[in-house]
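Chemist: Sharing a model that was predicted from the sequence below.
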Amino acid sequence: MSLADQISADLLERLQSGELRAGERLPTEHQLTDEYGVSRATVRSALRRLESLGLTVTRHGLGTFANAGTTEVRADLRQLNSLSDTIASFGLTSEMSYRSRAIRAATAEERRRLELPARAKVLATERELTADGTVVAFSYDAIPRLVFPEHLDIHTVDGSLFAVLEAHKARVATALTEVHAASGNEVGWGPRPAASNYVLLSQVHYLENARPVMYSNTFFVEGRFTFSLIRTR
């Protein structure tokens with residue numbers, strides 16, 4: 001973790017513990033610089049991360065104030081991070097369980113999104129993501145079969161797909177993301193809230209050379225995982 005990440009993580013813990021309460025002003029940049037022994041630029045970077053997550057708000061001339069709802073798992077839509085890492089950054093235990101893994105023919109939509117030829121195959125997975133044992137998301141993913149060696153044992157595919165891809169020298173660099181509302185009992189499996197509503201992130205992930213490497217439809221249970229984005233005018 002960078003120094004800014006370490007400071008934002010510590011401030012997040014202080015927000016979650018109630019040391020810094022909703023509506024309360026955080027220490028000034030000068031005070032934080034002295035407290036952590038870092039530059040003002042590092043402190044500003046840490047504060048920007050908290051604000052991007054909707055955890056704080058900066059009022060020019062007055063300072064930075066804590067927002068309510070600091071115990072929720074939050075993610076900045078501009079940041080492309082592993083969901084497991086995001087959950088862990090909030091001090092929660094993240095678990096990824098796979099319902100299925102299969103090598104199959106790509107669907108027409110997968111071929112279009114991943115720019116694959118006819119009769120191409122993909123590694124298709126269905127995953128459940130939990131935070132402290134509570135289901136927060138279901139994900140349906142497709143990765144071109146050619147990304148992996150011929151002898152791939154699909155049962156060894158586990159945990160973060162970002163990490164799986166990196167292990168095969170395919171690092172995700174960017175993603176084109178569409179945000180939709182979704183509902184219905186056909187989403188997910190096992191025990192889940194009645195009449196569940198979801199925030200669907202439909203994403204095509206790309207390598208540094210702009211080659212599409214994964215198509216994902218991830219359904220986040222409404223109210224259990226919050227996305228934020230700073231908008232200005």
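Modeler: In hand now; what should we look at? Residues are numbered from 1 along each chain as shown.

Chemist: Tell me where the protein has strands.
Modeler: With DSSP state E, the ranges of strands along the chain come out as 56-59, 63-66, 74-76, 94-105, 121-131, 134-144, 174-183, 197-206, 212-221, 226-228.

Chemist: now those strands in CSV, with distance to G159?
Modeler: C-beta coordinates here come from the backbone N, C-alpha and C atoms, glycine included. CSV is the format used below for those (distance: least, Cβ to Cβ, whole Å):
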stretch, distance to G159
strand 56-59, 31
strand 63-66, 33
strand 74-76, 18
strand 94-105, 6
strand 121-131, 9
strand 134-144, 13
strand 174-183, 19
strand 197-206, 16
strand 212-221, 15
strand 226-228, 22
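
Chemist: got these as CSV, with mean pLDDT, mean neighbour count and distance to R49 columns?
Modeler: Putting the strands of the chain into CSV (pLDDT from 0 to 100; neighbours: other Cβ atoms under 10 Å; distance: least, Cβ to Cβ, whole Å) gives the following:
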stretch, mean pLDDT, mean neighbour count, distance to R49
strand 56-59, 82, 16, 9
strand 63-66, 86, 18, 12
strand 74-76, 79, 20, 8
strand 94-105, 95, 14, 19
strand 121-131, 96, 20, 19
strand 134-144, 95, 21, 20
strand 174-183, 94, 12, 19
strand 197-206, 95, 19, 20
strand 212-221, 96, 21, 20
strand 226-228, 81, 16, 11
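
Chemist: what's the closest of the ones you listed to D5?
Modeler: Nearest of those to D5, taken as Cβ to Cβ: strand 74-76 at 12.8 Å.

Chemist: could you point out the longest helix in the protein?
Modeler: Criterion DSSP state H: the longest helix present in the chain is helix 3-17.

Chemist: quick one: average pLDDT of it?
Modeler: For helix 3-17, mean pLDDT rounds to 83.

Chemist: What of stretch 148-165?
Modeler: pLDDT averaged over stretch 148-165 gives 94.

Chemist: how about it as PDB, C-alpha atoms only?
Modeler: In PDB, the C-alpha atoms belonging to stretch 148-165 read as follows (Å, rounded to 0.1, in the frame of the first residue of the first chain):
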ATOM      1  CA  PHE A 148      -5.200 -20.200 -20.800                       C
ATOM      2  CA  PRO A 149      -2.900 -23.100 -21.700                       C
ATOM      3  CA  GLU A 150      -4.400 -26.200 -23.300                       C
ATOM      4  CA  HIS A 151      -3.800 -28.300 -20.100                       C
ATOM      5  CA  LEU A 152      -5.800 -25.900 -17.800                       C
ATOM      6  CA  ASP A 153      -7.600 -27.700 -14.900                       C
ATOM      7  CA  ILE A 154     -10.600 -25.500 -14.500                       C
ATOM      8  CA  HIS A 155     -11.000 -26.500 -10.900                       C
ATOM      9  CA  THR A 156      -7.800 -24.700 -10.100                       C
ATOM     10  CA  VAL A 157      -9.500 -21.400 -11.100                       C
ATOM     11  CA  ASP A 158     -10.300 -19.800  -7.700                       C
ATOM     12  CA  GLY A 159     -10.500 -16.500  -5.900                       C
ATOM     13  CA  SER A 160     -10.100 -13.200  -7.800                       C
ATOM     14  CA  LEU A 161     -10.300 -13.500 -11.600                       C
ATOM     15  CA  PHE A 162      -8.000 -10.500 -11.800                       C
ATOM     16  CA  ALA A 163      -5.400 -12.600 -10.000                       C
ATOM     17  CA  VAL A 164      -6.100 -15.700 -12.100                       C
ATOM     18  CA  LEU A 165      -5.600 -13.600 -15.300                       C
END
